[in-house]
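Trainee: Provided below are the primary sequence and the corresponding predicted coordinates.
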2 protein chains.
Amino acid sequence: MNELLIDLDPGAKPALYEQIYESIRRDMIDGRFSRGERLPSSRQLAADLQVSRSTVDAAYAQLVSEGYLRSKRGSGYYACDISGLYHLTGADQNRLENRAEKRAKEPVEDFKYKYNFLPGQVDSSGFAYNAWRKASKEALLELETKGNLLAAGHPQGEYRLRSSVASYLYRARGVHCKPEQIIIGAGNEYLLQLLGQILGGPRLVAMESPTYLQAYDTFSNIGYKAAAVPMDQDGMRVEDIPKDGVTLAYVMPSHQFPLGCVMPLERRMQLLAWAEQREDCYIIEDDHDSEFRYKGRPVPSLQGMAHLDRVIYLGTFSNSIMPSIRISYMVLPLPLVPVYKRKCGFYASTVSRIQQMCVCQFMEAGAFERHLNKMRGIYRAKHDLLLAALKEKTWVNKIYGGYAGLHIAVELNSSLTEWELTQRAAEQGICIQGVSACYIGEAEQKGEKPVLLFGFGDLAPWQIRKGVDVLDGCLRKK
Amino acid sequence: MNELLIDLDPGAKPALYEQIYESIRRDMIDGRFSRGERLPSSRQLAADLQVSRSTVDAAYAQLVSEGYLRSKRGSGYYACDISGLYHLTGADQNRLENRAEKRAKEPVEDFKYKYNFLPGQVDSSGFAYNAWRKASKEALLELETKGNLLAAGHPQGEYRLRSSVASYLYRARGVHCKPEQIIIGAGNEYLLQLLGQILGGPRLVAMESPTYLQAYDTFSNIGYKAAAVPMDQDGMRVEDIPKDGVTLAYVMPSHQFPLGCVMPLERRMQLLAWAEQREDCYIIEDDHDSEFRYKGRPVPSLQGMAHLDRVIYLGTFSNSIMPSIRISYMVLPLPLVPVYKRKCGFYASTVSRIQQMCVCQFMEAGAFERHLNKMRGIYRAKHDLLLAALKEKTWVNKIYGGYAGLHIAVELNSSLTEWELTQRAAEQGICIQGVSACYIGEAEQKGEKPVLLFGFGDLAPWQIRKGVDVLDGCLRKK
């Protein structure tokens, strides 16, 4: 029998039994025990190390459960053949070094911009961390008490979450749907890809231009072609949708990205009538930016006013909870549900069940409602501040899409191009995007004025004021 | 000024300030205050209700932060216009009723099967709940201390997680890669869809038959066609891959699903040589079931032995952590990384950043290694028990794919068809799947013996023993 050389450090952070476990484990990996070799009894080792026997028992039990040792009743502990075991981590020291090394190699986020006006940022200081932590804890508790939650859940997402989403969409957005029509998925782009498989292809999609270009790129990747339809202040000009071949229209009627216009009733009716004209035509209503309005009631969804089953509704928790949670939802018209099940029903859900339960708890506890109302106040204050700062400036010609969402579009009086403007701004630490980046194909803006997008979600009040002032300097510079 | 009628219940669970908050909030929603109306001062209300002033202050502060009230310094609290606010939840009583109603409507999971032999189930009693809870807690702490973690992360997944995965894949599977080649994604099917967009299409894929049919269905959905290639005990017969048009081969060399064969060195070399023959040919190595081997060392990956950049490696945490976590990883050959970035780099990650950080913590703390080793012991015991139970039975003709993974394939001496067998088993409470369900197109098994798949991951020892006995009874019955 090998003598065990174990250096215990009673003052160290790992418990004594962990130190014994780690020491024996390391010896075994280093080949200090041959297969079948007997280890000292726990009584003997406890005496040698001057620790309690239960401490050694705990270490031995851990080693048995992980396959390093086996115990024979009344006879003691024996070394196993450990050639099939995983030894992923070295000693603690190495592990710490590895971690430090990893941290060092980790690409540092780009902090060269002092003022990040990119759209799609959410306020990080107002987030409901406490409520979220509580919801996470309850979700984990459910995981532990219901063992079957380890298994993949419903392909469309947890029924409970879909119920909460259906009820939220009805109350907040006027969407009419049953949980059975909802698919929870890992982001809008994923859901668009899934929709492509449900609808089949290739198809020709009518899109506004400028639009949410990630949707355009997703359509391209799945073999769909886009027809850029001219828009006015009411959104897509329905009469300009090409007569032939278009069977899908992608719109954002509540708050168009990037120009922020709201599609009025008349235009909506016109669009619905267009979809009605032939059997296989659908409207995709992307309602990604509808949560926050700072004047009056939110505009209800197109889906809720449609009398026909041709509107596919798409929404996300990116703005209402956080972008990094990667949870979106798609409401299919009832007749498409069996098509989805037949073609795509075999796909497991793309969202972790624990995260789904966490959102469930967050919604059921009322924390989601409180969070939305609190954030609305925070965003409105930022929005008002930005608007006030902009209104003073002589170079502001026209403001689009105010009083809603997390960005404002501004048309400038300037002889500079958008590209020149964003370059000058970048030199002064301002990250800002021009609207031309959102046009399909070549931006046909010849002779028109530049338009910049001012996202304000995660900017502090001083950054909003200072950012606009710095930009003012850039614009006045010859 | 309205008098406030607030019934406080000091013994109730919600804190007093929450009761005051909820009561005023409800009054406002019910229209009991007009816009601009002044509320009692906190001093006065505290006196009326006989609570401390700080309790009332807390309730008022909450109402202000959510946009119900606004405060004027030195003047008091005034009702806001709340027409734009969200009121998703009713009073507590209603909420509880709604919840109960939801629970009642929730489809009950199907417990009619006493013995679930379906493959792909993991053991739920041995899961490392404590370590997972600890990892979750640390991930949440990071979220709270680094506010920028609310924003969408790196499209390929957190760098730290990709580093851990790269190191795990190197140590455990012999995969050679840098974190830059890894894409973390929401499940294998999602990553195959993404790969389809990277490789472009349509393509003709060589697949074994029987195979993992979800992969086949995914390829079909993205417009790929499959060429079913005959297989022998060594896996895909490379010389039988059609000469024309096939530019992709999908294989599971470490443990083929469903038959469990391991592709030997010679066949692997042959497959790599096939891929080398033309510029645009790739091998997809799906290593989904490689974590658990019960005899000797795991078979290293094909990716690690390839000298050319034509192997795309695919793995998942479904078996090694849990299926419901929905995290898989794809290792792209270096030359494909810029293609991915160009075509698909705009897609945000499909995995929640908090869940990614949780897995990071789980791996870095060594809990993943401990969990794998512990589960290997648990699964080996179940595997051995199942094998022993099967070997006694006269109807067992041949056993495929033992000593690895979470299922065993068994060829039966029986005049019954697979369909008849599974029906008879179902009547006795046994859920079991035949291999014909895994064949591409029509199963061409005419005259051959039925093969059943025995998954054992989440069965208790008594269920394994009893399940095989009950099946024995079904088979003996005339």
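Mentor: Perfect, thanks for sending it.
Trainee: contacts and neighbour counts: CA atoms only from here.
Mentor: OK.
Trainee: pop out the phi and psi values for the most centrally placed residue in chain A.
Mentor: In chain A, the residue lying closest to the centroid (C-alpha atoms, centre = their mean) is residue A:326, at 2.5 Å. Main-chain dihedrals, residue A:326, degrees, to the nearest 10: phi 50, psi 50.
Trainee: and the gap between it and residue A:407?
Mentor: Residue A:326 sits 21 Å away from residue A:407, going by C-alpha to C-alpha, to the nearest Å.
Trainee: again, but for residue A:214
Mentor: Per C-alpha to C-alpha, residue A:214 is found 17 Å from residue A:407.
Trainee: what's the answer for residue A:327, then?
Mentor: Computed as C-alpha to C-alpha, the residue A:327 to residue A:407 distance reads 21 Å.
Trainee: check residue A:352 too.
Mentor: The gap separating residue A:352 from residue A:407 is 30 Å, by C-alpha to C-alpha.
Trainee: before we move on, back to that, who has more neighbours, residue A:214 and residue A:407?
Mentor: residue A:407 (28 against 16; other C-alpha atoms under 10 Å in any protein chain shown).
Trainee: show me the contacts for that one.
Mentor: Contacts for residue A:407 were tallied using C-alpha atoms under 8 Å, 6 or more residues apart in numbering or on different chains; they are A:119-120, A:383, A:401, A:453-457.
Trainee: likewise for residue A:24?
Mentor: Contacts for residue A:24 (C-alpha under 8 Å, 6+ apart) come out as A:4, A:6.
Trainee: quick revisit: look up how far chain B lies from the residue nearest to the centre of chain A.
Mentor: Remark: distance between residue A:326 and chain B (C-alpha to the nearest C-alpha, to the nearest Å) = 5 Å.
Trainee: does that residue really touch residue B:350, like I thought?
Mentor: Yes - counting by C-alpha atoms under 8 Å, residue B:350 is a contact partner of residue A:326 at 6.1 Å.
Trainee: mind listing what's buried along stretch A:116-124?
Mentor: A:116-124 (16 or more other C-alpha atoms under 10 Å in any protein chain shown).
Trainee: ok, now stretch A:67-77?
Mentor: Going by 16+ other C-alpha under 10 Å, stretch A:67-77 has these buried residues: A:67-71, A:77.
Trainee: number of nearby residues for residue A:427?
Mentor: Using other C-alpha under 10 Å, the number of residues around residue A:427 comes to 12.
Trainee: residue A:280 too?
Mentor: By other C-alpha under 10 Å, 12 other residues sit near residue A:280.
Trainee: with adjacent residues omitted, what lies nearest to it?
Mentor: The shortest distance from residue A:280 to any non-neighbouring residue, by C-alpha to C-alpha, 6 or more residues apart in numbering or on different chains, is to residue A:247 (6.5 Å).
Trainee: pretty sure the one you found is in a helix, no?
Mentor: No - counting by DSSP: H, G, I helix; E, B strand; the rest coil, residue A:247 falls outside a helix, being strand.
Trainee: I'd like the distance between it and chain B.
Mentor: 19 Å.
Trainee: hmm, back to that, common neighbours of residue A:326 and residue B:350, please.
Mentor: Residues touching both residue A:326 and residue B:350 (C-alpha under 8 Å, 6+ apart): A:186-187.
Trainee: can you give me the strands for the stretch 301-450 of chain A?
Mentor: With strands called from DSSP state E, counting those that start in this stretch, the stretch 301-450 of chain A shows them at A:311-316, A:328-331, A:396-400, A:407-412, A:430-431, A:433-434.
Trainee: what sits up against the fifth one?
Mentor: By that I understand strand A:430-431. Looking at what lies outside strand A:430-431 - C-alpha under 8 Å, 6+ apart - the contacts are A:113-118, A:422, A:425, A:467, A:471.
Trainee: partner strands of that strand and their direction?
Mentor: strand A:115-116 (parallel) (DSSP bridges).
Trainee: the helix or strand that the strand it pairs with is followed by: which residues count as buried?
Mentor: Note on strand A:115-116: by DSSP states H and E, the next helix or strand toward the C-terminus is helix A:129-145. By neighbour count with 16+ other C-alpha under 10 Å, helix A:129-145 contains the buried residues A:131-140, A:142-144.
Trainee: residue A:268 and residue A:254, how far apart?
Mentor: 11 Å.
Trainee: list, one by one, the residues from the stretch 251-400 of chain A near chain B.
Mentor: Applying C-alpha under 8 Å from any C-alpha of the partner chain, we find that the stretch 251-400 of chain A lies next to chain B at A:293-298, A:322-327, A:343, A:346-355, A:364, A:366, A:369-377.
Trainee: just the buried residues of the residues you listed.
Mentor: Buried, going by 16+ other C-alpha under 10 Å: A:293-294, A:298, A:322-327, A:343, A:347-355, A:364, A:366, A:369-377, out of these.
Trainee: helices - which of those land there?
Mentor: Among those, the members found in helices (DSSP state H) are A:343, A:353-355, A:364, A:369-377.
Trainee: closest to chain B among the buried residues of stretch A:116-124?
Mentor: residue A:124 (5.3 Å; C-alpha to the nearest C-alpha).
Trainee: that closest one and residue A:345: what is the separation?
Mentor: For residue A:124 relative to residue A:345 (C-alpha to C-alpha), the value is 36 Å.
Trainee: burial count for residue A:315?
Mentor: With other C-alpha under 10 Å as criterion, residue A:315 counts 24.
Trainee: residues touching it, list them.
Mentor: A:188, A:286-288, A:328-330.
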